[in-house]
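Visitor: With the sequence up front, the predicted model follows.
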Amino acid sequence: MSDSKKIEIIRNIVKHYNKQTIIFCERSETARLLDRKLDDLCVSIGEFSTSNEKLGIVKNFKKKQFKVLPTVDVLSRGIDIQNVEIVINYELPVNPETYLHRVGRAGRFESDGYAFSFINNQNDIIRLNDIVYRHEIDIKEYKP
């Protein structure tokens, strides 16, 4: 699936749910691309962002100053952002545990949460099947 199609789907998800959304990317370059393409909705955090930049961006995200936060896995662990209800895996992580940490950002503190993952190729199908098997979870297909 092309980046432009993914971005269109992301815009539709954000518009439909109208909730704080974190988009997890495998590479900082992808997070920056999403920042540019979704510039009216977001600010990105990449692996090369300084600690102060990361803290400032997270603080503003918590205050709902912007709706979408593209990032790498730096936010998948250890940071509690209470108002995140949507997690999007722009690319599936290689490690199934990382998937759980990512989607665990959504729906915290007894609120509903949703996780969406783009399946881009046969390797992603294999990874997704591994995630489903290892963690005994049910995943439904989303058709925009």
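Guide: Cool, got the structure. Residues are numbered from 1 along each chain as shown.
Visitor: From here on, just use CA atoms for contacts and neighbour counts.
Guide: OK.
Visitor: what's the burial count for the nearest residue to D130 once chain neighbours are set aside?
Guide: Nearest non-adjacent residue to D130, counting by Cα to Cα, 6 or more residues apart in numbering: P96, 7.2 Å away. When neighbours are defined as other Cα atoms under 10 Å, P96 has 19 of them.
Visitor: next one: the one 5 residues further on
Guide: Residues near H101, counting by other Cα under 10 Å, number 15.
Visitor: same thing with the one 3 residues further on?
Guide: Burial of G104, expressed as a neighbour count using other Cα under 10 Å, amounts to 18.
Visitor: name the element V87 belongs to?
Guide: Following DSSP states H and E, one finds V87 within strand 84-89.
Visitor: packing partners for that strand?
Guide: strand 20-24, helix 96-103, strand 114-117 (3 or more Cα pairs under 8 Å, 6 or more residues apart in numbering; DSSP states H and E).
Visitor: you'd agree the residue nearest to D130 is up against I131?
Guide: Yes: between P96 and I131 there is a contact at 5.3 Å, judged by Cα atoms under 8 Å.
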